[in-house]
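Peer 1: what would the 3D arrangement of this be:
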Amino acid sequence: MSTEQFIKIDIERCTGCGRCVQVCPGECFIVKNKKGEIVQLEACLECEACSLVCRPDAIQFSYPKGGTGVAYQWG
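Peer 2: Predicted coordinates:
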């Protein structure tokens, strides 16, 4: 499992809109003090939805080398 910080929030650009919170299936984000914050990076499903919906481009996402070990099960 990667320990690399592959999601970064630029606090200066973040408007606290909460879009990252709304779209994240892993519930990795919260809005605290009117700014987005990563609370559980280990739950990230590497979908990149957070950075795609971030209008001020405050979230930088880069796929971690080798992935984080996320496994999907469909059934």
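Peer 1: can you classify the most centrally placed residue in the chain by secondary structure?
Peer 2: With distances taken as C-alpha atoms, centre = their mean, the residue of the chain nearest its centroid is residue 50 (5.1 Å). Three states are possible here, and by DSSP: H, G, I helix; E, B strand; the rest coil the one that applies to residue 50 is helix.
Peer 1: got the contact list for it?
Peer 2: Counting by C-beta atoms under 8 Å, 6 or more residues apart in numbering, residue 50 touches 7, 19, 20, 23, 24, 28, 29, 59, 61. No exception for glycine: its C-beta is placed from N, CA and C like everyone else's.
Peer 1: could you find the closest non-adjacent residue to it?
Peer 2: Distance criterion C-beta to C-beta, 6 or more residues apart in numbering; nearest residue to residue 50, sequence neighbours excluded, is residue 20 at 4.2 Å.
Peer 1: which ones are touching that neighbour?
Peer 2: So, once contact is read as C-beta under 8 Å, 6+ apart, residue 20 ends up touching 28, 29, 36, 50, 53, 54, 59.
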